[in-house]
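K.L.:
Sequence isn't available, so here's the structure alone:
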């Protein structure tokens, strides 16, 4: 019986540690953007979608989840077939609830559901843009840049 005690103890210890080790490992997800929504808000109106959207959005994204509950998101976006931006944001603090991972950094919020593969990357640009752009002879608010939209949301999925 003693000669089975050590192997049995090792087997039980491995069975208890394996799920914890699997949960703590980082993961990398890659995917594509399949759309974008543009929103405009003013003091008179709540945030409303711009119809039709001013741009057709496509692109790619990569999400690296670290063991330390941080994440890095890299985004490459094209508007109407032309390169619009490439960016990589690091050290998002990760919050997980209901199988959804939400990461927030400054004006950007990334949300990823590993069960469905759905990915959303959203920005509140209202501190930089005035929406809708004023029409002449209106005066642009100092410190603001006129824009068709002040909020945007890119939607996508994992590239399978």
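P.N.:
Cool, the structure landed. What you see is a predicted model, and the numbers here were worked out from it, not measured in a lab. Residues are numbered from 1 along each chain as shown.

K.L.:
Identify the bridge partners of the residue at minimal distance from the centre of the chain.
P.N.:
Per Cα atoms, centre = their mean, the C-alpha nearest to the average position across the chain is that of residue 110, at 1.9 Å. Judged by DSSP bridges, the bridge partners of residue 110 are residue 103, residue 121.

K.L.:
From residue 54, how far off is it?
P.N.:
Going from residue 110 to residue 54 by Cβ to Cβ, to the nearest Å gives 22 Å. To be clear about C-beta, it is placed using only N, CA and C from the backbone, and glycine gets the same treatment.

K.L.:
Same check on residue 95?
P.N.:
Counting by Cβ to Cβ, the gap from residue 95 to residue 54 is 31 Å.

K.L.:
Neighbour count for these two, which is higher?
P.N.:
Each of residue 95 and residue 54 has its neighbours counted (other Cβ atoms under 10 Å); residue 54 has more, 15 against 12.

K.L.:
Just confirm the more buried one is within a helix.
P.N.:
No. Counting by DSSP: H, G, I helix; E, B strand; the rest coil, residue 54 is not part of a helix but coil.

K.L.:
measure it to residue 47 for me?
P.N.:
Between residue 54 and residue 47 the computed distance is 15 Å (Cβ to Cβ).

K.L.:
Equivalent analysis for residue 101, please.
P.N.:
24 Å.

K.L.:
So the two - more neighbours on which side?
P.N.:
Neighbours were tallied for residue 101 and for residue 47 using other Cβ under 10 Å; the higher tally belongs to residue 101 (21 against 14).

K.L.:
Return the residues in contact with that one.
P.N.:
When contacts are counted by Cβ atoms under 8 Å, 6 or more residues apart in numbering, residue 101 touches 65, 71, 94-95, 111-114.

K.L.:
repeat for residue 132
P.N.:
Listed by Cβ under 8 Å, 6+ apart, the contact set of residue 132 reads 40, 42, 148.

K.L.:
Please flag which of those residues sit within strands.
P.N.:
Of the positions in the contacts of residue 132, residue 40 sit in strands, assigned by DSSP state E.

K.L.:
Report the lowest-confidence entry in the contacts of residue 132.
P.N.:
Note: of the contacts of residue 132, the lowest pLDDT belongs to residue 42, at 72.

K.L.:
what about that one, how many neighbours?
P.N.:
Around residue 42 there are 13 other residues, counting by other Cβ under 10 Å.
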